[in-house]
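Undergrad: need coordinates for the following:
(one chain, ligands or ions: 1)
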Amino acid sequence: MTTNPELQAVLFDLDGTLYVGDEAVPGAVDAVSRVADLGIPRRYLTNTTRFSRRALRERLVSMGFPVEEDELYTASVAATYWLQARGFRRVAVYLPEAARSDFADFEIVEESPEAVVVGDLGPGWSFERLNHAFRQVLEGAHLVALQKNRYWRTPEGLMLDAGPLVAALEYATGQTATIVGKPNGEFFDLAVRALGVKPGRAVLIGDDIEADVGGAQRAGLRGGLVRTGKFREEALASSGVTPDWTEDSVAEMVERLWP
Ligand SMILES: [Mg+2]
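TA: From the prediction side, this is the model:
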């Protein structure tokens, strides 16, 4: 094992890169363990907002990944920084119950919020809830989207992600949402700087050509694409993004970058 002097930090995408559904991607646990053994600073980035950071860590540990809670950088965590920086206190949160604890420092309200935070409510959406969020934004709340991914892969097949719902609210209100998760450059930048590494010396490994690889490259990082999870050859071809590396899975990617 050798370290790669060009690459001093790694950001791993989670869903579709390290696991699909409740199953670790074959070889992923060994790949992450190897990077940890080499002492390479790392963060785990996810737009997933179905779980709190604590619940997400428990999930990863149960699959065998050596992950600490403070190494997890989620779109919810990015949203709390964003809200704090603007002094927003009263927020309406459109997230599953399991993900709401990340917002414990805020007053979660149904009426007159300063910001409407939209994430992976999934099957929790109804016409009524969407309409309620629509009215809150029209009445002056800032529309904050944790992410705007189009879809994600589950063991049952592709499913609508938060993006189409965010787009519906944007269309109806005429407001453009602030997207705090991937591919917002600030999201990658804060994660890399927290590791004390220059963006150009860090690589993001992910399965989403646009939100992972494209976003990371725009923020000055290198982007490694894996052919697991939501990877589709057609999406790669139409994206206009050229990954720095493309490999079949995170196992091959780690082998390639740290041979
Ligand atoms: Mg992913």
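Undergrad: contacts only, for the residue in the stretch 1-150 of the chain that the ion sits nearest to.
TA: Ranked by C-beta to the ion, the top residue of the stretch 1-150 of the chain for proximity to the ion is residue 16, at 3.6 Å. Every C-beta, even on glycine, is put in place using the N, C-alpha and C of the backbone. Residue 16 makes contact with 152-153, 206-208, 228-231, according to C-beta atoms under 8 Å, 6 or more residues apart in numbering.
Undergrad: switch the cut-off to 10 Å
TA: 25, 46, 48, 152-153, 206-208, 212, 226, 228-231, 250 (C-beta atoms under 10 Å, 6 or more residues apart in numbering).
Undergrad: show me which of the residues you listed neighbour the ion.
TA: residue 207 (C-beta under 5 Å from the ion).
Undergrad: if we can go back for a sec, so for the residue of the stretch 1-150 of the chain closest to the ion, what's the nearest residue that isn't a sequence neighbour?
TA: Distances taken as C-beta to C-beta, 6 or more residues apart in numbering put residue 229 closest to residue 16, at 1.8 Å, once the chain neighbours are dropped.
Undergrad: strands paired with the one helix or strand in the chain whose mean pLDDT sits lowest, and their directions?
TA: Lowest on mean pLDDT, DSSP states H and E among the helices and strands of the chain sits strand 151-154, with a mean of 82. Here strand 151-154 is paired, per DSSP bridges, with strand 157-160 (antiparallel).
Undergrad: contacting residues around the partner strand?
TA: Taking C-beta under 10 Å, 6+ apart as the rule, strand 157-160 contacts 120, 122-123, 125, 149-153, 230, 232.
Undergrad: flag every buried residue along that strand.
TA: Buried residues in strand 157-160, counted by 16 or more other C-beta atoms under 10 Å: none are found.
Undergrad: same check, this time on stretch 92-106
TA: 92-96, 99-100, 102-103, 106.
Undergrad: also stretch 164-183?
TA: Counting neighbours by 16+ other C-beta under 10 Å, stretch 164-183 gives 165-166, 169-170, 173, 177, 179-183 as buried.
Undergrad: from those residues, pick the one nearest residue 52.
TA: Distance to residue 52 across these (C-beta to C-beta) is lowest for residue 181, with 15.0 Å.
Undergrad: looking at it, that closest one is touching residue 145, isn't it?
TA: Yes. Counting by C-beta atoms under 10 Å, residue 181 touches residue 145, with 7.8 Å between them.
Undergrad: which residues are in contact with the closest residue to residue 197 other than its chain neighbours?
TA: Spatially, and ignoring its direct neighbours in sequence, residue 197 is nearest to residue 9 (4.1 Å; C-beta to C-beta, 6+ apart). Residues in contact with residue 9 (C-beta under 10 Å, 6+ apart) are 35, 40-43, 191-192, 194-199, 201-204, 221.
Undergrad: among those, which lie within helices?
TA: 35, 191-192, 194 (DSSP state H).
Undergrad: go back to those residues and keep what's next to the ion.
TA: Counting by C-beta under 5 Å from the ion, no member of these reaches the ion.
Undergrad: re earlier: for PyMOL, what selects the buried ones among the contacts of residue 9?
TA: To isolate the buried subset of the contacts of residue 9 in PyMOL, counting by 16+ other C-beta under 10 Å, use the following:
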select buried, resi 35+40+41+42+43+191+192+195+197+199+201+202+203+204+221
